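J.: what's the 3D shape of this:
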Amino acid sequence: MLTENKSITGSDVLASIFTSRAVAQILDFFLDHKEFDYPITEIAEKTGLSFRTVFREIPNLERNHLIYKYRKVGKANMYKLNTDFEGVVLLERFALELSQLQPTKENISIAADSEISESEISLSE
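T.: Next comes the predicted model:
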C-alpha cells in the first residue's frame, strides 16, 4: 500500500482549512466563545448546522490545530479553540480586522443616498 505524502503549499493552506462554509461558521463560533469547551451537539445547535456536518468538519479543524479535544464529559468529547497556536491568534486578528472593514448597513444607506444624480434631484423638485 502506498501512502501519499501531502505537503500544504502556500496557495493550498486556506483551501485545506476552509473545506466548506460550515468550517467558517464553526470557527466563527469558537472565536466568539473561546473561553469555553463544547460538545459537538452544542456546536451544531449554536451554529445552526446539523450534527452530522459538525461531526464531519471537527477532524479537519483538529488536524489543522485550530481546535483540540479538551476533555471528555461522559461520552461526549469537548472541543476548545487552540488559542496557544499562532495560526489561531492570526486568524482571530484577521477576523477582527475584516469585521472593522465591513460596511455597516448605516454606511451603505448613506452611500446610496449620496449617489443620487443631479437629474434625479431636478426630477423630484
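J.: rest of the way, CA atoms for contacts and neighbours
T.: OK.
J.: Now do the strands in the protein.
T.: With strands called from DSSP state E, the chain shows them at 38-39, 67-73, 76-81.
J.: Now render these as CSV, adding distance to P59.
T.: Shown next, in CSV, are these (distance: least, CA to CA, whole Å):
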stretch, distance to P59
strand 38-39, 13
strand 67-73, 9
strand 76-81, 11
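J.: can I get these in TSV with mean neighbour count?
T.: Listed next are the strands of the chain as TSV, based on neighbours: other CA atoms under 10 Å:
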stretch	mean neighbour count
strand 38-39	20
strand 67-73	16
strand 76-81	19
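J.: Any chance of JSON lines for these, columns mean pLDDT?
T.: Output for the strands of the chain, formatted as JSON lines (pLDDT from 0 to 100):
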{"stretch": "strand 38-39", "mean pLDDT": "98"}
{"stretch": "strand 67-73", "mean pLDDT": "96"}
{"stretch": "strand 76-81", "mean pLDDT": "97"}
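J.: Show me the one of the ones you listed that comes nearest S50.
T.: Judged by CA to CA, the one of the strands of the chain that comes nearest to S50 is strand 38-39, at 13.1 Å.
J.: Flag the shaky bits of this structure, pLDDT-wise.
T.: For the chain, the stretches flagged by pLDDT under 70 are 1-11, 104-125.
J.: For it, which helix extends over the most residues?
T.: Looking across the chain with DSSP state H, the single longest helix is helix 86-101.
J.: Measure how far that one is from the centre of its chain, please.
T.: With CA atoms, centre = their mean, to the nearest Å as the basis, helix 86-101 stands 10 Å off its chain's centre.
J.: closest to F30 out of the strands of the chain?
T.: Between F30 and the strands of the chain, the shortest gap by CA to CA is with strand 76-81, which sits at 5.9 Å.
J.: No further questions, thank you.
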